[in-house]
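S.K.: quick check, what structure comes out for this input:
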Amino acid sequence: MEICRDSNVCGGCVYQGIDYDKQLKNKAGEVKGFLDKKSIKYGQLFDIEPAPERYAYRNKMEYTFGDMEKDGPMTLGMHKKRHFMSIVTVDQCQLVHNDFNKILRTVLNFASEKGYSHYHKKSHKGLMRHLIVRRGIRTGELLVNVVTSSEKGFDEKEFTDMLLELSLENKIVGILRTVNDRLADAVYCDELRILYGREYYMEEILGLKFKVSAFSFFQTNVDAVEKLYSYALDLIDDFQDKTVFDLYCGTGTITQTLAKKAKKVIGIELVKEAVEAAKENAALNGLDNCRFISGDVCEMLKTVEEKPDVIVVDPPRMGISPDALDKIIRYGVDQIVYISCNPKTLAENLYYMQYYGYKVESVKPFDNFPCTKHIECACLLSKVGK
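M.R.: Residues are numbered from 1 along each chain as shown. Down below sits the predicted model:
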């Protein structure tokens, strides 16, 4: 595939135009560098797992309305590299299905022809704020969510009709309007209006069905995350008839996969909406042996009476806090599986765990996000002396 037209200005793809083998080599080297810098003693550092697909793998994009130059024509897309106030229209992005690019261009043309204003970060005035497109990779379902301020004038019916007339490969199952009057340049929901269809799309991972609502966190690359999760769970010697803790569980993908074999699985997640989605999806999949708790992992562990036999952790980019690590280590389980989206904080956490009696058996990097800087890892730790 040719180098993206916007590779010099869009801040998304740092590896555009670089040979894929070199991308993998760089990422694998980065993981090894972080581990070695913290003097992590590991049994094996496996080769990096390439992505199943290098292009059109993202199932969600959050675009921003703005302009490239002050008072210039309206744009819709991503922040310009090193220029936070400028927005690049990315209607030829290679990381998404072409339906995303069609929807972006159509919505931008609609807003421009209507003479709508974009929201200004400094004056806090303007109508158009964001456009969020989500896609069920296995189901072909699309969810389109336009985020505006509460300023008058947005024609909801014409916007909906315009989208439904588009010729797309996937099917739009929901068109939403989110009203957001907060000052921060982030998507908040003061009010959600369903303009057409429903407020969620369906997805399938590892034989399980997932209902993904407008603001639910969900894995961005479905095919790649299936490989990562399958590998990570295979690291556990045996969780048949055991109690497993899934910490930082998100919408419960791993929790539910574990629940198909384990006696009981307890998932803990800070984001309340993700926990509600996890509960709903577990019911959808007929799983009654998993329990989900909303709150800070360290605080919530103090309230759980059960003791785990195995622990799986999949923390956010900042890694696991020292307090939570202390609590996890004190359980003294034989095996901990650590899934990481940030090799730097992974190495910092492993250093701590190594000091307090855990051996790093293996680390395997995964390239789930080709062309970008992001790296995932799956790591197995075992209790020393067990």
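
S.K.: grab the nearest non-local neighbour of Asn180.
M.R.: Spatial nearest neighbour of Asn180, excluding adjacent residues (CB to CB, 6 or more residues apart in numbering): Tyr188 at 4.9 Å. The C-beta positions use only the backbone N, C-alpha and C, and glycine is treated the same way.

S.K.: could you list the buried residues of the helix or strand of the chain with the lowest mean pLDDT?
M.R.: Within the chain, no helix or strand scores below strand 83-89, which has a mean of 84 by mean pLDDT, DSSP states H and E. Using 16 or more other CB atoms under 10 Å as the test for burial, strand 83-89 gives Ser86, Ile87, Val88, Thr89.

S.K.: how about the first one, what does it touch?
M.R.: When you say that, I think you mean Ser86. Contacts for Ser86 (CB atoms under 8 Å, 6 or more residues apart in numbering) come out as Gly66, Asp67, Met68, Glu69, His79, Lys80.

S.K.: enumerate every residue touching Cys290.
M.R.: Contacts of Cys290 (CB under 8 Å, 6+ apart): Gly252, Thr255, Gln256, Leu258, Ala259, Lys264, Val265, Ile266, Gly267, Ala282.

S.K.: 10 Å - rerun?
M.R.: With contact set as CB atoms under 10 Å, 6 or more residues apart in numbering, Cys290 has these partners: 244, 246, 249, 252, 255-260, 262, 264-267, 278-279, 281-282.

S.K.: among the residues you listed, the buried ones, what's the ChimeraX command?
M.R.: Per 16+ other CB under 10 Å, the buried members of those correspond to this ChimeraX selection:
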select :244,246,249,252,255,256,257,258,259,262,264,265,266,267,278,279,281,282
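
S.K.: in helices, which of the contacts of Cys290 fall?
M.R.: Among those, the ones falling in helices (DSSP state H) are Thr255, Gln256, Thr257, Leu258, Ala259, Ala278, Lys279, Asn281, Ala282.

S.K.: residue ranges for the helices of the stretch 251-386 of the chain, please.
M.R.: Counting by DSSP state H, counting those that start in this stretch, the stretch 251-386 of the chain has helices at residues 253-259, 272-284, 297-301, 322-330, 343-355.

S.K.: just to revisit the earlier point, most neighbours out of the contacts of Ser86, which is it?
M.R.: Most neighbours among the contacts of Ser86, by other CB atoms under 10 Å: Gly66, with 27 neighbours.

S.K.: would that residue count as being in a strand?
M.R.: Yes: under DSSP: H, G, I helix; E, B strand; the rest coil, Gly66 falls within a strand.

S.K.: if I pick it, what's in contact with it?
M.R.: 72, 74-80, 84-89, 118-121, 126, 128-129, 185.

S.K.: now do Arg82
M.R.: Contacts for Arg82 (CB under 10 Å, 6+ apart) come out as Val9, Gly11.

S.K.: which of the ones in helices among the contacts of Cys290 sits closest to Lys41?
M.R.: Among the ones in helices among the contacts of Cys290, Leu258 lies closest to Lys41 (CB to CB), at 28.1 Å.

S.K.: I'd assumed Val310 was in contact with that closest one.
M.R.: Yes: with contact defined as CB atoms under 10 Å, Leu258 counts as touching Val310 (8.5 Å).

S.K.: need the overlap of contacts for the two.
M.R.: Leu233, Ile236, Phe239, Lys242, Val244, Phe245, Asp246, Val265.

S.K.: separation between the fourth one and Leu206?
M.R.: Taking CB to CB, to the nearest Å as the measure, Lys242 and Leu206 are separated by 19 Å.

S.K.: which one of the contacts of Ser86 is nearest to Asn145?
M.R.: Nearest to Asn145, judged by CB to CB, of the contacts of Ser86 is Gly66 at 17.7 Å.

S.K.: for the closest one, list each beta-bridge partner.
M.R.: Taking DSSP bridges as the rule, Gly66 bridges to Thr75.

S.K.: before we move on, back to that, which ones are touching the residue nearest to Asn180?
M.R.: Counting by CB under 10 Å, 6+ apart, Tyr188 touches Arg129, Val147, Thr178, Val179, Asn180, Asp181, Arg182, Phe215.

S.K.: please save the CA atoms from stretch 321-333 in CSV.
M.R.: The C-alpha trace of stretch 321-333 is given here as CSV (Å, rounded to 0.1, in the frame of the first residue of the first chain):
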residue,chain,number,x,y,z
SER,A,321,0.2,1.4,41.3
PRO,A,322,2.6,0.3,44.1
ASP,A,323,-0.3,-0.1,46.5
ALA,A,324,-2.2,-2.4,44.1
LEU,A,325,1.0,-4.4,43.4
ASP,A,326,1.5,-4.9,47.1
LYS,A,327,-2.0,-6.3,47.5
ILE,A,328,-1.6,-8.6,44.4
ILE,A,329,1.8,-9.9,45.6
ARG,A,330,0.5,-10.7,49.1
TYR,A,331,-2.0,-13.2,47.7
GLY,A,332,1.1,-15.3,46.8
VAL,A,333,-0.6,-17.1,43.9
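
S.K.: next one: stretch 361-378 to chain centre, how far?
M.R.: Centroid separation for stretch 361-378 versus its chain: 14 Å, with CA atoms, centre = their mean, to the nearest Å.

S.K.: just the buried residues of that stretch, please?
M.R.: Neighbour-count burial for stretch 361-378 [16+ other CB under 10 Å]: 363-372, 374-378.

S.K.: these in strands, which ones?
M.R.: Val363, Lys364, Pro365, Phe366, Glu376, Cys377, Ala378 (DSSP state E).

S.K.: just name the closest of the contacts of Ser86 to Asp314, please.
M.R.: His79 (27.3 Å).

S.K.: circling back to that earlier point, among the shared contacts of Leu258 and Val310, which pair sits farthest apart?
M.R.: For these, the maximum inter-member distance is 13.8 Å, found between Leu233 and Phe245 (CB to CB).

S.K.: any residues in contact with both of these two?
M.R.: By CB under 10 Å, 6+ apart, the residues touching both Leu233 and Phe245 are Leu258, Val310, Val312.

S.K.: surely the last one and Thr243 touch.
M.R.: No: counting by CB under 10 Å, no contact exists between Val312 and Thr243, whose distance comes to 11.9 Å.

S.K.: fine by me, thanks again.
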